[in-house]
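Asker: quick one: sequence and predicted model below, then my questions.
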Amino acid sequence: MIVGGGIAGGVNHALKQRVRAWSVLPSARVADKYRVGVIGCGTMTRRHVEGYLACGRYEVAALADLDASAMREMDARFAIRTVHYTDARAMLDTERLDVVSVGTWHTGHSPWTVAAAARKPKAILCEKPMADTLGHADEMLIACNRAGVKLVIGHQRRFLPAYTMARDLIAQGAIGRVSMMMCFGGAGLPNYSSHQTDMFRYLLNDAECRWVMGNVERKTDRFERSTRIEDAAVAVFEFDGGARAIILSDVVPSYYQGALIYGTEGQINLTTEELQLLNAETRGAWQTHRPDGRFFKLEAEGEEFEWREGGAAQAAELAEWIDGTAPTHRGRAENGYKALEMIHAVYESARCHERVMLPMQTRINPLDLMVESGHLAPQRPGRYDIRAFLLRGENLSSDEAAGKLPS
Ligand SMILES: NC(=O)c1ccc[n+]([C@@H]2O[C@H](COP(=O)([O-])OP(=O)(O)OC[C@H]3O[C@@H](n4cnc5c(N)ncnc54)[C@H](O)[C@@H]3O)[C@@H](O)[C@H]2O)c1
């Protein structure tokens, strides 16, 4: 078994050799099905469960949620029978879980990942953004590393065939050197645009981001899933190799996952389904590609494709990483950490009025710091959460806000 290889800085050379040797062994070291438990049975872990079941490598055994109806709905939706817990720690203590999904709101990601890691499952799949602060993300890495637990952050678009095709075309030089990538976001940088900062690195073969410069506007007291967010933001990023990227967030009326990618010898327009390429070989015309996935066909699934394919392929690669037949996972936690770091560096740039060199030293959320210090006090007071509609029953704030998080 590869223990924690991807958590603290990538597999080393010796480990790579062992992985290559294992991957050609005829008797695969493959468990029958990995037993999964889910913490937080909401919108996104429905996609986790869909992915676990679609790839055929898992049994979903147990669910934990503060609200029993969320667990009943999960069972009904997928025609599964699971054991239900309103106390996630009781689930972790009772069930012999191989894999734990963490799908609470962002502030719950770190405490529940740390709690799960202490019970030593083989792996944890935690939703994005990795945490509410880089300090908490650090704690997740430490807890998983010391317990030998593989940790993946759910930036599932790394598994979309159009994204991978764009990455491969860029690596082959199809558009020359990437000079600029342009994205449009909304609903706050940590939620939506952490996928975009992750995508930039994926498209550049995980090149490191060198520096970030940006600004935010925050006149109202706006939150997203219990995390403070800005009203609007603009950001510029530079990567090793010289590529740059721009995000315009909440400043243009429409936004989407994907990018306009400009190279020295061509262009790519990328969406979650489609890749358009323009270069000398296409004779200056746009050439359209709509690739199918490993598990699903694009035309058959329509708008569901990105969710179904992303979820299944992400889960399948996790099983292969656990098996030892894949040397790592493309969503391993260091990548989720860097996606979050790039977002918080935009806030730090606004706070310090400077270009922020990475790795970033500040470990708390710079936007929180700006607001709480009075530097960026809301001018139209009154806290509101743009995802409050997700809450069930009488709840109008998350469990974290109600102080029910584990200590
Ligand atoms: N990867 C993606 O594309 C994507 C898409 C949507 C959401 N997300 C992420 O998924 C996470 C969850 O978002 P969502 O939209 O699914 O939220 P949601 O509100 O639909 O689901 C969260 C669930 O967690 C439960 N919960 C809260 N505290 C709990 C606790 N202490 N123990 C057990 N259960 C608890 C809630 O009752 C709720 O059912 C967020 O961090 C979000 O950013 C990712």
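Answerer: Great, that's in hand.
Asker: look up the closest residue to R89, ignoring the ones flanking it.
Answerer: Nearest non-adjacent residue to R89, counting by Cβ to Cβ, 6 or more residues apart in numbering: A115, 6.2 Å away. Yep, even glycine has a C-beta here, placed from its N, CA and C like the rest.
Asker: if I look at that neighbour, how far off is the ligand?
Answerer: For A115, the distance to the ligand (Cβ to the nearest ligand atom, to the nearest Å) stands at 10 Å.
Asker: so that residue touches A88, yeah?
Answerer: Yes. Using Cβ atoms under 8 Å, A115 makes contact with A88 at a distance of 7.2 Å.
Asker: wait, what's in contact with L391?
Answerer: By Cβ atoms under 8 Å, 6 or more residues apart in numbering, the contact set of L391 is S397, S398.
Asker: part of a helix, is L141?
Answerer: Yes. Going by DSSP: H, G, I helix; E, B strand; the rest coil, the assignment for L141 places it inside a helix.
Asker: what about it, neighbour count?
Answerer: Around L141 there are 22 other residues, counting by other Cβ atoms under 10 Å.
Asker: contacting residues around R355?
Answerer: Here R355 is in contact with W211, V212, M213, S349 (Cβ under 8 Å, 6+ apart).
Asker: touching, the third one and S349? I think so.
Answerer: What that stands for is M213. Yes. Under the criterion of Cβ under 8 Å, M213 makes contact with S349 at 5.0 Å.
Asker: and those two? which has more neighbours close in?
Answerer: Set M213 next to S349 and count neighbours by other Cβ under 10 Å: S349 wins out with 22 against 17.
Asker: next, the more buried one: secondary structure please.
Answerer: Going by three-state DSSP: S349 is helix.
Asker: contacting residues around it?
Answerer: Residues near S349 by Cβ under 8 Å, 6+ apart: V212, M213, G214, N215, A235, R355, V356.
Asker: now, the contacts of R355 that are in strands?
Answerer: W211, V212, M213 (DSSP state E).
Asker: now the strands for the stretch 51-200 of the chain?
Answerer: Assigned by DSSP state E, counting those that start in this stretch, the stretch 51-200 of the chain shows strands spanning 58-64, 83-85, 99-102, 123-126, 150-153, 178-185.
Asker: between the ones you listed, which one is closest to the ligand.
Answerer: Closest to the ligand of the strands of the stretch 51-200 of the chain is strand 58-64 (Cβ to the nearest ligand atom; 4.8 Å).
Asker: gap between the closest one and the chain center?
Answerer: 21 Å (Cα atoms, centre = their mean, to the nearest Å).
Asker: list the strands paired with it, with their directions.
Answerer: Applying DSSP bridges to the sheet, strand 58-64 is found paired with strand 34-39 (parallel), strand 83-85 (parallel).
Asker: right, so these: which one is the most enclosed?
Answerer: strand 34-39 (a mean of 26; mean count of other Cβ atoms under 10 Å).
Asker: could you export it as CSV, CA atoms only?
Answerer: C-alpha atoms of strand 34-39 as CSV (Å, rounded to 0.1, in the frame of the first residue of the first chain):
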residue,chain,number,x,y,z
TYR,A,34,-14.2,-0.1,-0.4
ARG,A,35,-16.7,0.7,2.4
VAL,A,36,-17.7,4.4,2.4
GLY,A,37,-19.2,6.6,5.0
VAL,A,38,-20.5,10.1,4.2
ILE,A,39,-20.5,13.1,6.6
